[in-house]
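Asker: Show me how the following folds:
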Amino acid sequence: MFQTIQVAKGVNIHTRTTDQFKTVNFSVKFKRPLTVEDAAERTVLTNVMQHSNARYPSSAALRMYLDDLYGTVLYLDTTKRGDEHTVLLNIETVNDQYLKTGEVLGKVLELMNTVLFDPNFDNGVFRESIVTREKEMVIERIQSVFDDKSRYAQQQLLNIMRPNHPASISANGKIKDVEKVTPASLVKTYEKMLAEDLIDIYVVGDIDEKEMVDSLKKALPFADRAVDHAVHPTVESKPTETYVSEQQDMKQGKLHIGYHTPVTFTHKDFPKMQIFNGVFGGYPHAKLFMNVREKESMAYYCSSSYSSQYGLVFVISGIDANKEEKAIALIDEQLASIQQGEITDLELTQTKAMLTNQLKEALDSARGQIEIYDQYKELPTAFSVEKMAVKWQAVTKEDIVEMAKKVEKETVYFLSGKEDAPE
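Answerer: Now for the predicted structure:
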């Protein structure tokens, strides 16, 4: 799918030549082990670099220049996968082939160099006024989780299930760690990122691969770095509680249940576990949706998700507070029915079709191609939609029963409204 070339130790460029898009998409990914302190520093850093550099010291100046480049889109962000934290620089720009004067791509590469290597320093550190402003923005982003009750309930469940574990660490860090960030500490984080992070650079578009690699090597002159990060041993983390109930001023209750499975992303049974999740609650035809929501009208919504990096399965549902016990019992019944082999041919075939179509749809965008390849390249065998579809098609009802029996319920978290909650 992608051609990969190593341009320095720990630095790879992945190119995909395709006439599928009229744009050229870049994604530069800086990866290092995830810690809560680093997450806060790196998130503030991405905000600062997004909105200010030596050449374009204000957001307005940078936006004007991006508009001049035919509406080029540029943004930085942070994310996590497993025990890894990633800083992203994503750019989408028009392909020079569709312009009378083919100069945009060169200017975009110059801009990437500016954003990454020419920060807006004042006496050797990031400008304090900008750092202060962006810290406030990150704190607001973290606090916004509290306003979204479903996201809040899920984070609370994770905190209970896997305390001090990558699964419960936010890619944005914690407010107390954001508050500790200083212009000087940010410089250290910035220099460490450029010098030590493992780097993957992706390009998708109708490009000449050799020319593009040569241009990127000049624009992004990264030096060698240690190929293997010092691995932080993942803390063995167990649930602190099996049941937690909380009340806030809200109307609809949020019931979130966490399960553990030994089957993770690189496990040989990963495709089987994906099918199990699809049958359990991953899609509108699944047992949770059809029985808990539709048949019994027990929930406003009810679905499951599979976090393969951590070996966790989640059920989330919106219910009335007085239906909590019945809803939990009914959800338990759906898992038990799969464990007993009560799986229809339709549930199985629809799940396989949905997984395949979902993967194909994701690959309809350049960004989707980058994200899926970046994840699936971790698998021991080469990735393609066809190869994954073959693995899914081979999954039997007996396989799903086997997977269901490996799923163990660990924690129930219920967030409900107070009796005097406003309508």
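
Asker: use CA for all of it now, contacts and neighbours both
Answerer: OK.

Asker: Mind jotting down where the strands sit in this protein?
Answerer: Taking DSSP state E as the criterion, the chain carries its strands at 3-8, 11-17, 23-33, 73-81, 84-94, 121-122, 125-126, 198-205, 243-248, 253-260, 301-307, 312-319, 408-417.

Asker: With mean pLDDT added, can I get those strands in TSV?
Answerer: As requested, those are exported to TSV (pLDDT from 0 to 100):
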stretch	mean pLDDT
strand 3-8	96
strand 11-17	97
strand 23-33	97
strand 73-81	97
strand 84-94	97
strand 121-122	95
strand 125-126	96
strand 198-205	98
strand 243-248	95
strand 253-260	97
strand 301-307	97
strand 312-319	97
strand 408-417	96
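
Asker: These: which one's closest to residue 103?
Answerer: Proximity to residue 103 (CA to CA) singles out strand 84-94 among these, at 10.4 Å.

Asker: Dump the strands of the chain into a markdown table; add mean neighbour count as well.
Answerer: Shown next, in a markdown table, are those (neighbours: other CA atoms under 10 Å):
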| stretch | mean neighbour count |
| --- | --- |
| strand 3-8 | 14 |
| strand 11-17 | 21 |
| strand 23-33 | 22 |
| strand 73-81 | 19 |
| strand 84-94 | 21 |
| strand 121-122 | 14 |
| strand 125-126 | 20 |
| strand 198-205 | 24 |
| strand 243-248 | 13 |
| strand 253-260 | 24 |
| strand 301-307 | 21 |
| strand 312-319 | 23 |
| strand 408-417 | 21 |
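
Asker: so which of those strands comes closest to residue 269?
Answerer: Among the strands of the chain, strand 301-307 sits nearest to residue 269 (CA to CA), with 13.2 Å.

Asker: Can I get that closest one in CSV, CA atoms only?
Answerer: This file holds the C-alpha atoms of strand 301-307, laid out as CSV (Å, rounded to 0.1, in the frame of the first residue of the first chain):
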residue,chain,number,x,y,z
TYR,A,301,-28.8,3.9,22.8
CYS,A,302,-26.7,0.8,23.6
SER,A,303,-23.6,-0.4,21.8
SER,A,304,-20.2,-2.0,22.4
SER,A,305,-16.7,-1.1,21.3
TYR,A,306,-13.4,-3.0,21.3
SER,A,307,-10.2,-1.2,22.4
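
Asker: Which neighbours in the sheet does it have, and how are they oriented?
Answerer: Strand 301-307 pairs in its sheet with strand 312-319 (antiparallel), by DSSP bridges.

Asker: Please state the offset of the partner strand from the chain centre?
Answerer: 18 Å (CA atoms, centre = their mean, to the nearest Å).

Asker: Residues contacting that strand, please?
Answerer: Strand 312-319 is contacted from outside by 252-261, 277, 281, 298-307, 327, 407, using CA atoms under 8 Å, 6 or more residues apart in numbering.

Asker: how close does residue 297 get to residue 287?
Answerer: According to CA to CA, to the nearest Å, residue 297 stands 13 Å off from residue 287.

Asker: Looking at those two, which is more packed in?
Answerer: residue 287 (27 against 14; other CA atoms under 10 Å).

Asker: how close does the residue nearest to the more buried one when sequence neighbours are not counted sit to residue 367?
Answerer: With sequence-adjacent residues excluded and distances taken as CA to CA, 6 or more residues apart in numbering, residue 287 is closest to residue 280, at 5.4 Å. Distance, residue 280 to residue 367, using CA to CA: 29 Å.

Asker: Look at these two and report which has more neighbours.
Answerer: residue 280 (28 against 19).

Asker: in terms of contact, does residue 406 touch residue 259 like I think?
Answerer: No - if you go by CA atoms under 8 Å, residue 406 and residue 259 don't touch, sitting 9.7 Å apart.

Asker: Please identify every residue contacting each of the two.
Answerer: If you check residue 406 and residue 259 against CA under 8 Å, 6+ apart, no residue is contacted by both.

Asker: coming back round to it: my guess is the residue nearest to residue 287 contacts residue 286, does it?
Answerer: Yes - between residue 280 and residue 286 there is a contact under CA under 8 Å: 5.5 Å.

Asker: Now do the domain split for this structure, please.
Answerer: 3-219, 243-417 (automatic domain parsing).

Asker: what's the closest of those domains to residue 225?
Answerer: The nearest among the domains of the chain, by CA to CA, is domain 3-219 at 5.6 Å.

Asker: and the closest one, how far out from the chain's middle?
Answerer: That offset, for domain 3-219, works out to 14 Å (CA atoms, centre = their mean).

Asker: Now do that domain: distance from first to last residue.
Answerer: Across its full length, domain 3-219 reaches 19 Å end to end, with CA to CA as the criterion.

Asker: Count the residues that sit near residue 353.
Answerer: Burial measure for residue 353: 13 neighbouring residues, criterion other CA under 10 Å.

Asker: so what's the nearest residue to residue 47 once chain neighbours are set aside up against?
Answerer: Spatial nearest neighbour of residue 47, excluding adjacent residues (CA to CA, 6+ apart): residue 134 at 6.0 Å. Residues near residue 134 by CA under 8 Å, 6+ apart: 44, 47-48.

Asker: what's the answer for residue 239, then?
Answerer: Residue 239 makes contacts with 160-163, 410-411, as judged by CA under 8 Å, 6+ apart.

Asker: how about 7 Å then?
Answerer: Residues in contact with residue 239 (CA atoms under 7 Å, 6 or more residues apart in numbering) are 160-162.

Asker: tell me the phi and psi of it?
Answerer: Main-chain dihedrals, residue 239, degrees, to the nearest 10: phi -60, psi 140.

Asker: Quick one: neighbours of the residue lying closest to it once chain neighbours are set aside, just the number.
Answerer: Spatial nearest neighbour of residue 239, chain neighbours left out: residue 161 (4.0 Å); criterion: CA to CA, 6+ apart. Residue 161 has 27 neighbouring residues, counting by other CA under 10 Å.

Asker: Now do the contacts for residue 161.
Answerer: By CA under 7 Å, 6+ apart, the neighbours of residue 161 are 238-240, 411.

Asker: I'd like those residues laid out as TSV, including distance to residue 68.
Answerer: Putting the contacts of residue 161 into TSV (distance: CA to CA, whole Å) gives the following:
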residue	distance to residue 68
238	53
239	53
240	54
411	53
